[in-house]
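Okay, here's the prediction I keep looking at, along with the sequence it came from:
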Amino acid sequence: MNFAFTEEQQKIRNTIIDFARQELNPGIIERDRAGVFPRDLWVKCAEMRLMALPFPEAHGGDGFDFVTTVAVFHALGYACKDSGLILSLATQVICGLTIQLSGNQEQAACLLPDLASGTLIYAQGITEPDSGSDTFAMRTTATKKDGGYILNGTKTMISNGPVTDRALIYAVTNPTKKTLARISCFLVPKGNPGFSAGNPMEKMGLRTMTNGELVCTDCYVPGPSLVGREGQGVILFSEVVEWERVLICAGLLGGLERVLEDCIRYAKERKAFGQSIGTFQAISHKIATMRMNVELGRLALYSAAILKNKRKRAALESSVAKFFISESLKQACLDAVQIRGGYGYMSEFEVERDLRDSIAATIYSGTSEMQANTIARLAGL
Ligand SMILES: Cc1cc2nc3c(=O)[nH]c(=O)nc-3n(C[C@H](O)[C@H](O)[C@H](O)COP(=O)(O)OP(=O)(O)OC[C@H]3O[C@@H](n4cnc5c(N)ncnc54)[C@H](O)[C@@H]3O)c2cc1C
């Protein structure tokens, strides 16, 4: 496996790094405090074609392969301090991949152009108040009627939910069937009678991304709203989640690299007892662990990305990457606060925001415990 970036990938990465530093970082402390979705920055990211990367040119995309898409999100995570915005963008791309993977060419041709251009904002609704990790215990129903379906149920904590124009909603179409054939995926547009989005939920971190409820109350959608085939929801979700974990991890690994560089700089500059704090083993070993995790995270990320690029299954590899990179980032952020001492706790030095943002990474797209379950199951346990 070759993990080196091509010349083209490196060039795009450099462009994204400059863009993020100049356009996305200014004002992040205030935006985080206000907890508001930055629609102007969304538009700038759309102009940079960040949501178009992996989609075919015929469907309004830029036709990059998945490894390049991952390399771009990796650069974005490294340079952009707004982790909420990055997850918001990743959610959009993941919804596009869902539409593409469902195999319905007509839907892809109709929906992907507005998604890739960022004109319409997408969200994916899986989690419900009583089913998170136990995903397929979901209760939202889709009952066949008049050539379409009537949806009833509530999704919660949905990224981009409060600002969404189109949502992918997973619902039970056949409650009598076993898990594999019970669930289907539907596209529900904003303004559809019976469909509503709740207010943004206040949260600890990722405060520039909105999360909230999506509610379906006797919400009729026509037959063509089905994404993929009826009863294909579990298979579709199981495939999508592998792409999702890899794409999300790209941003997280970039964040880990940024935290590491910042810690190295600070440990060299900050003096105590007449010497740089980086000369104290208690500090340098924390940084050594971060450095080691960046190296290992890169291997985990790109081996999973290369598998997905070849359209191969990567249940194990994507879970390993998600578990390892998200936990490494959370620990690195905790250590970064400690390395900065009291300043680490003060908002103006921005490490505490990284810590708050990083905690969510061990929860969304499958908690660390659920990744460990997958890894254990695939080990035959
Ligand atoms: C920032 C953020 C963004 C999100 N975005 C979305 C989104 O866009 N769309 C969406 O559908 N959802 C989204 N979610 C929801 C997220 O997917 C769920 O929070 C997550 O799957 C966990 O579900 P839960 O919160 O119900 O926790 P639970 O499933 O109730 O878990 C509670 C605890 O029990 C543990 N646990 C549960 N089952 C097991 C088990 N079998 N073995 C070991 N431990 C177990 C969990 O690991 C966790 O520690 C988001 C969440 C966050 C925080």
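Arrived safely.

Report all helices and strands that the helix or strand harbouring Y170 contacts.
Taking DSSP states H and E as the criterion, Y170 maps to strand 166-172. Under the contact definition 3 or more C-beta pairs under 8 Å, 6 or more residues apart in numbering; DSSP states H and E, strand 166-172 sits against helix 83-101, strand 122-125, strand 141-145, strand 148-159, strand 183-189, strand 211-222, helix 233-269. In this view, the C-beta of every residue, glycine as well, is placed from N, C-alpha and C.

Assign F5 to helix, strand or coil.
Assigned by DSSP: H, G, I helix; E, B strand; the rest coil, the conformation of F5 is coil.

How many residues are close by it?
For F5, the neighbour count with other C-beta atoms under 10 Å is 17.

returning to that earlier point: CA atoms of the strand holding Y170 as PDB?
What follows is strand 166-172, C-alpha atoms only, in PDB (Å, rounded to 0.1, in the frame of the first residue of the first chain):
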ATOM      1  CA  ARG A 166     -33.500  17.500   2.700                       C
ATOM      2  CA  ALA A 167     -33.200  14.600   5.200                       C
ATOM      3  CA  LEU A 168     -32.600  10.900   4.700                       C
ATOM      4  CA  ILE A 169     -34.900   9.300   7.200                       C
ATOM      5  CA  TYR A 170     -34.500   5.600   8.200                       C
ATOM      6  CA  ALA A 171     -37.800   3.900   9.100                       C
ATOM      7  CA  VAL A 172     -39.300   0.500   9.700                       C
END
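
Could you see whether the ligand lies near it?
No. Strand 166-172 stays clear of the ligand (C-beta under 6 Å from any ligand atom), getting no nearer than 7.9 Å.

Show residues contacting that strand.
Outside strand 166-172, the residues that touch it by C-beta atoms under 8 Å, 6 or more residues apart in numbering are 95, 98-99, 111, 115, 120-126, 138-142, 149, 151, 153, 155, 158, 161, 182-190, 195, 197, 214, 216, 227, 233, 237.

near the ligand too, which of the residues you listed?
Among those, the ones lying near the ligand by C-beta under 6 Å from any ligand atom are Q124, G125, I126, I158.

Turn those into JSON lines, including neighbour count and pLDDT.
Shown next, in JSON lines, are these (neighbours: other C-beta atoms under 10 Å; pLDDT from 0 to 100):
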{"residue": "Q124", "neighbour count": "25", "pLDDT": "98"}
{"residue": "G125", "neighbour count": "29", "pLDDT": "98"}
{"residue": "I126", "neighbour count": "23", "pLDDT": "98"}
{"residue": "I158", "neighbour count": "25", "pLDDT": "98"}
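
For these, which two are the farthest from each other?
Within those, two members stand farthest from each other by C-beta to C-beta: I126 and I158, at 8.2 Å.

what residues does the stretch 1-150 of the chain put near the ligand?
For the stretch 1-150 of the chain, the residues in contact with the ligand (C-beta under 6 Å from any ligand atom) are T91, Q124, G125, I126, T127, G132, S133.

so what's the fourth one up against?
Meaning I126. Counted by C-beta under 8 Å, 6+ apart, I126 has contacts T135, M138, K155, Y170, F237.

Please tabulate the residues you listed in a markdown table, including the columns pLDDT and neighbour count.
Output for the contacts of I126, formatted as a markdown table (pLDDT from 0 to 100; neighbours: other C-beta atoms under 10 Å):
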| residue | pLDDT | neighbour count |
| --- | --- | --- |
| T135 | 95 | 20 |
| M138 | 96 | 23 |
| K155 | 98 | 27 |
| Y170 | 98 | 26 |
| F237 | 96 | 19 |
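
which of these lies closest to the ligand?
Among the contacts of I126, K155 lies closest to the ligand (C-beta to the nearest ligand atom), at 6.1 Å.

OK, contacts around that closest one?
Contacts for K155 (C-beta under 8 Å, 6+ apart) come out as G125, I126, T127, E128, T140, G161, A167, I169, E213, L214, V215.

Pull out the buried residues from the residues you listed.
Burial by neighbour count, 16 or more other C-beta atoms under 10 Å: within the contacts of K155 this picks out G125, I126, T127, E128, T140, G161, A167, I169, E213, L214, V215.

of those residues, closest to T176?
T176 has its nearest neighbour among the buried ones among the contacts of K155 in T140, at 16.4 Å by C-beta to C-beta.

check contacts around the closest one.
Contacts for T140 (C-beta under 8 Å, 6+ apart) come out as E128, L151, N152, G153, T154, K155, I169, Y170, A171, V172, C216.

can we see that at 6 Å?
Neighbour list for T140: G153, A171 [criterion: C-beta atoms under 6 Å, 6 or more residues apart in numbering].

Just the pLDDT for it.
pLDDT, T140: 98.

can you check D134 too?
As predicted, D134 sits at a pLDDT of 96.

For it, grab the count of nearby residues.
Using other C-beta under 10 Å, D134 has 10 neighbouring residues.

Ramachandran angles for it?
Backbone torsions of D134, given as degrees, to the nearest 10, read phi -80, psi 60.

and if you look at L301?
Here L301 shows phi and psi, under degrees, to the nearest 10, equal to phi -70, psi -50.

How much space separates it from V67?
Per C-beta to C-beta, to the nearest Å, L301 is found 10 Å from V67.

Equivalent analysis for D218, please.
Distance from D218 to V67, counting by C-beta to C-beta: 44 Å.

and if you look at T98?
Distance of T98 to V67, given as C-beta to C-beta: 19 Å.

Tell me, how many residues neighbour the residue in the stretch 51-200 of the chain that the ligand sits nearest to?
Among the residues of the stretch 51-200 of the chain, G132 lies nearest to the ligand; the distance is 1.8 Å by C-beta to the nearest ligand atom. Counted with other C-beta under 10 Å, the burial measure for G132 works out to 18 neighbours.

cool, Q232 as well?
Q232: 20 surrounding residues under other C-beta under 10 Å.
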